[in-house]
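# Any chance you could fold what I've pasted below:
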Amino acid sequence: MLEKTRTQADIAELMADIGRRAKAAARPLAIAGAERKNAALEAMAAALSARRREIIAANAIDMEAGRASAMAASFLDRLMLDDSRIDAMIEGIRAVAALPDPVGGVIAAWDRPNGLRIERVRTPLGVIGVIYESRPNVTADAGALCLKSGNAVILRGGSDSFHSSHAIHACLVEGLEAAGLPADAIQMIPSSDRVAVGELLTGLGGTVDVIVPRGGKSLVARVQADARVPVFAHLEGLCHVYVDKSAEPAMARAIVVNAKMRRTGVCGAAETLLLDNAIDRGLAAAILADLVAAGCEVHGDNAVINLMPDASPATEDDWRTEYLDAIISVRFVDGISGAIDHIATWSSSHTEAVIAEDPAVVERFFAEVDSAILLHNASTQFADGGEFGMGAEIGIATGKMHARGPVGVEQLTSFKYRVHGTGQIRP
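Residues are numbered from 1 along each chain as shown. The predicted structure follows:
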């Protein structure tokens, strides 16, 4: 699948047309019933299963190009599709279909003394632009979530996943058409030119309501700087795990290794490990040894170097680095107060975990750490909409307006007020 060479004017015209068609598709989609949307989702899942050989063949083209360009192993892992990952996409779509339809749901209702009945009701946002890199499975996740929440979506995958994403998108369109919904409800930009991203960020003449970037720091920073419409995003996943002196040793060892090494290239991977100064040094040494045995490189402060002379000395840059690789920065802190201070200074407000049995420590961590997702005695790798029971997620938002944490179907809705009267007039 090769894109045509286009001039900047051609791309501007193309994008304007995509925006207009998305806006037109959003209207019937907003009032589509749950049964029709779920039928489309089931047809999408069936198409992904039926076309899996085509999808894997398309992915092989992208993987070959990635290897030829010396793409990092963690990014190749994000890019790769196989039967198990296609099955996961299918399961994700079906999980979204099984969710309650958020559109039209009454969030709150109350009566006024004058007899007015007021309801706050969920409504679609309209048209969502999703810009992402590397992970072609985002095509299916974003398409399914936007459909379920009654939104049209314009997808712009990365050039490195161009063929994979378009093969998946074809299955989504097949599902829409099978259910009698407009094919333009899920569009994929047929160009990897960066000019197309710039056009999308303008809002396409008022046709785009929200932008969701999902990718590396440079992509998200550009979107946040240049977008002329609201953005749901996180700049980076600088996630911390704090091991308190009260931690259960076997649990602490298992969680730390999983949080860092299960998948190093995801935004929920732990990047910094904070150890209580009062922790048993044998346990601290065992945790560090576990990380090294799992293939992780350790950058540590002086106390860490004393326990593990082969560790690399940590610099200030380590505390602000999202490695997305088998590297972790480690330091000892003065208990929960020291952990909270470090996180407040260096965190990107994405996800943090505390491993502790002392309820007072957990209470302080939950009360004082201001990140989108906080976990107690669990791996940061659970920072995922699917693990939250949302079916899938379109991304993690770390802002404080509207959506925060995993962005699922409910977060892709806004609301309107319905006011029922019996003839009231205002004096």
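
# alpha carbons only for contacts and neighbour counts from here, please
Fine.

# Show me where the stretch 151-300 of the chain has its helices.
For the stretch 151-300 of the chain, helices defined by DSSP state H, counting those that start in this stretch occupy the ranges 162-178, 194-201, 217-226, 249-261, 281-293.

# just the ones you listed: most buried one?
helix 162-178 (a mean of 23; mean count of other Cα atoms under 10 Å).

# Which strands or helices does it pack on?
helix 34-50, helix 52-68, helix 137-148, strand 186-188 (3 or more Cα pairs under 8 Å, 6 or more residues apart in numbering; DSSP states H and E).

# what angle separates it from helix 52-68?
160 degrees (axes from the mean of the first three to the mean of the last three Cα atoms, to 10 degrees).

# can I have helix 162-178 written out in CSV, keeping just the CAs?
The C-alpha coordinates for helix 162-178 follow below in CSV (Å, rounded to 0.1, in the frame of the first residue of the first chain):
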residue,chain,number,x,y,z
PHE,A,162,1.7,2.9,7.9
HIS,A,163,0.9,-0.5,6.2
SER,A,164,-0.2,-2.2,9.4
SER,A,165,-2.6,0.6,10.5
HIS,A,166,-4.2,0.8,7.1
ALA,A,167,-4.8,-3.0,7.0
ILE,A,168,-6.5,-2.7,10.4
HIS,A,169,-8.5,0.3,9.3
ALA,A,170,-9.9,-1.6,6.4
CYS,A,171,-11.4,-4.0,8.8
LEU,A,172,-13.0,-1.2,10.8
VAL,A,173,-14.6,0.3,7.7
GLU,A,174,-15.9,-3.2,6.8
GLY,A,175,-17.6,-3.3,10.2
LEU,A,176,-19.2,0.1,9.9
GLU,A,177,-20.6,-0.7,6.5
ALA,A,178,-21.9,-4.1,7.7
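
# and the residue nearest to residue 379 when sequence neighbours are not counted, what pLDDT?
In space, and not counting its chain neighbours, residue 379 is closest to residue 259: 4.8 Å by Cα to Cα, 6 or more residues apart in numbering. Here the pLDDT value assigned to residue 259 is 98.

# quick one: residue 259 and residue 385, what's the gap?
Using Cα to Cα, to the nearest Å, residue 259 is found at 16 Å from residue 385.

# Which residues are in contact with the residue nearest to residue 379?
Contacts for residue 259 (Cα atoms under 8 Å, 6 or more residues apart in numbering) come out as 268-270, 379-381.

# same deal with residue 67?
Contacts of residue 67 by Cα under 8 Å, 6+ apart are residue 76.

# Domain map for the protein?
8-232+407-419, 239-382 (automatic domain parsing).

# Okay, angle between the lengthiest helix in the chain and helix 194-201 too, please.
When the chain is parsed with DSSP state H, its longest helix is helix 8-30. If you take the same axes, to 10 degrees, helix 8-30 sits at 40 degrees to helix 194-201.

# What residues sit buried inside helix 8-30?
11-12, 14-16, 18-30 (16 or more other Cα atoms under 10 Å).
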